[in-house]
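Visitor: Based on what follows, work out the 3D shape:
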Amino acid sequence: MTNYFQKELIEGLWRLISSGRKILIISHTNPDGDAMGSVTAMKHFLLSKKKESVIAIPNNYPEYLGFLDPDKKILIYKKDGAAIDEYLSGCDLIIALDFNQLKRVDELEHSIRKSKAKKILIDHHPSPEEAFFDLVVSTTETSSTCELLYWLLISIEELLNSDKPANLSSATADSLYVGLVTDTNNFSNSVLSGTFRMASDLLSLGVDRERLQHNVFGGFTESRMRLLGYLLQNKMVILPEYGAGYIILTKEEQREFDFNEGDSEGFVNMPLNIRGVNISALFTESEDNIRVSLRSIDDFSVNQMARNFFNGGGHERAAGGKLFIPIDKVPEYYKVSLRKSFENIKKGLLLMLIFVILFPSCTKQDRDVQIGQQIKEIDTYVRSAVNTGKRLVVNNGSSRVVINEGAGDSLMVGDSVFFDYAGYIFQSGLGTLFDTNVETIADITGINIYNRGFDYGKAVVGRGMLIKGLDWGLLGAKSGEQAYIVFPTNLGFSNKDVGLVPKMSPLIYEVWIKEIKKN
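Guide: You can find the predicted model right below:
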């Protein structure tokens, strides 16, 4: 498995780590077992290499994972922000673990973006923010970030000590095991052959499996266990018509059962233990939103569901997001999201069938031919627009047809942009709608429902936060501008099926630029 990585990648990773004098290790808000396991494993590994490092996370970790931080040295930005910013001022390397977009670190994001330090991202979520980091190691083909990190650290050890077996400290191994068992729900989700190899290797390194299993799955408080019983008895709802279930945890119930962050770990999986239930949701009420956890088995994509209806995303079988509606509106909203998700699946299957009939071949040569044909069709479309007096801007193969001109500064690489959008499959113009943040369009097409909030799309242009065609197509736009941005599949989702978008689809976005901020 260690030869999964190219030697140049491991050498580059070690070069950055070995040159670091002051290293900051970060992970996402509401850190789970994989986040805590990966940051503490990296800390122990760096300690074994005599490297100074500090762990910083946006908010408190769950109480049951406190054994990973026995000396309470992990810094929490909500209360240790000044200390973290001071450390960052002299930091020369940042290692980011278990998140794909920097927005996942909440208030910590601004400080990280300002830092001049080199930056490494190691993660197993889709669509990483590649352009911001100096080195990105990202794949969805591992069960967890801890599994990916394990193989990276073993590869570094093999690079440095090729004459003897690779080895890790017991503390590093313990942390990696915690991330592995929590993100796989005790080896029941996202498990690959390499996952079991890693687990076997860790046991050989001396991991005390029984102790760690008890700490993770058995070290809960009495109030947490009584809360679980209460929810299963009184709050778990099954929707047999959708093969789905859900649980709602209100603020009042949290107070009644002395709820602590992390007490609900694993609750979302409970309905999935019922025969015929393939989709599950946990809705946890907080002061300003409702946190959503989604899980599925079989082929239902909760990642797409989270993106379309819950302001979130994640993995195909495990995702999350947020709601901004009254708690009593959640049951009906969840039912609507399920119904619309299944309707979208049917539409997507039909589109894929049509696409397979029209473009049955899969070789690189055939893909190149398809892309060439798409470029010709796009050229015909934009020339027609130009002939009607519209202005055309082309950046790296992405074409922007300006419908209404804007004013002010042009959008440049590194600038922040806020915009409304509607994304369509390009079919000699606007084809099937697959995504939008515009409420009227969403209502008409059923692509989304009111909860999404319809906030502006927002991104730092040229930093890999958007797909390439949209990222490049926005360059040069001005505030107030309305435009169509159209591009072939190689600048979009390429050979991947994404939601309602079949692989090899050209795309066209209608965008309305609301605000530009020069950075």
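Visitor: need the helix or strand of the protein with the lowest average pLDDT.
Guide: Lowest by mean pLDDT, DSSP states H and E among the helices and strands of the chain is helix 439-445, with a mean of 71.
Visitor: Listing partners with orientation, what would you give for whichever helix or strand comes after it?
Guide: Counting by DSSP states H and E, the next helix or strand C-terminal to helix 439-445 is strand 457-460. Here strand 457-460 is paired, per DSSP bridges, with strand 416-426 (antiparallel).
Visitor: tilt between whichever helix or strand comes after the partner strand and strand 416-426?
Guide: Once the chain leaves strand 416-426, the next helix or strand it forms, by DSSP H and E, is strand 430-436. Strand 430-436 runs at 140 degrees relative to strand 416-426, counting by axes from the mean of the first three to the mean of the last three Cα atoms, to 10 degrees.
Visitor: who does strand 430-436 touch, helix- and strand-wise?
Guide: Helices and strands touching strand 430-436, by 3 or more Cβ pairs under 8 Å, 6 or more residues apart in numbering; DSSP states H and E, are strand 416-426, helix 439-445, strand 507-517. Bear in mind the C-beta positions are built from the backbone N, C-alpha and C, glycine included.
Visitor: Show the contacting residues for the residue nearest to I23 when sequence neighbours are not counted.
Guide: Counting by Cβ to Cβ, 6 or more residues apart in numbering, S53 is the residue found nearest to I23 once chain neighbours are left out, at 4.1 Å. Going by Cβ atoms under 8 Å, 6 or more residues apart in numbering, S53 touches 22-25, 42-43, 46-47, 95.
Visitor: Could you do N189 as well?
Guide: 143, 183, 295, 317-318.
Visitor: Neighbour count says what about the residues you listed? Which are buried?
Guide: Applying 16 or more other Cβ atoms under 10 Å to the contacts of N189, the neighbour count classes 143, 183, 295, 317-318 as buried.
Visitor: Let me see the ranges of the strands in the stretch 251-400 of the chain.
Guide: Along the stretch 251-400 of the chain, the segments classed as strands by DSSP state E, counting those that start in this stretch run 279-285, 290-296, 313-314, 318-323, 391-395, 398-404.
Visitor: worst average pLDDT in these?
Guide: In terms of mean pLDDT, the lowest-scoring of the strands of the stretch 251-400 of the chain is strand 313-314 (a mean of 80).
Visitor: in its sheet, what does that one sit against?
Guide: When pairing is defined by DSSP bridges, strand 313-314 lines up against strand 318-323 (antiparallel).
Visitor: can you list contacts of the strand it pairs with?
Guide: Contact with strand 318-323 is made by 189-190, 283, 289-296, 302-303, 305-307, 309-314, 330, 333, 451, as judged by Cβ under 8 Å, 6+ apart.
Visitor: one more time with 7 Å
Guide: Under the contact criterion Cβ atoms under 7 Å, 6 or more residues apart in numbering, strand 318-323 has outside partners 189, 289-295, 302-303, 306, 310-314, 330, 451.
Visitor: cool, stretch 240-254 as well?
Guide: Stretch 240-254 has contacts (Cβ under 7 Å, 6+ apart) with 231, 235-239, 264, 267, 271, 274, 276-285, 327, 330, 334, 338.
Visitor: Give me the nearest residue to T432, chain neighbours excluded.
Guide: Counting by Cβ to Cβ, 6+ apart, I425 is the residue found nearest to T432 once chain neighbours are left out, at 4.7 Å.
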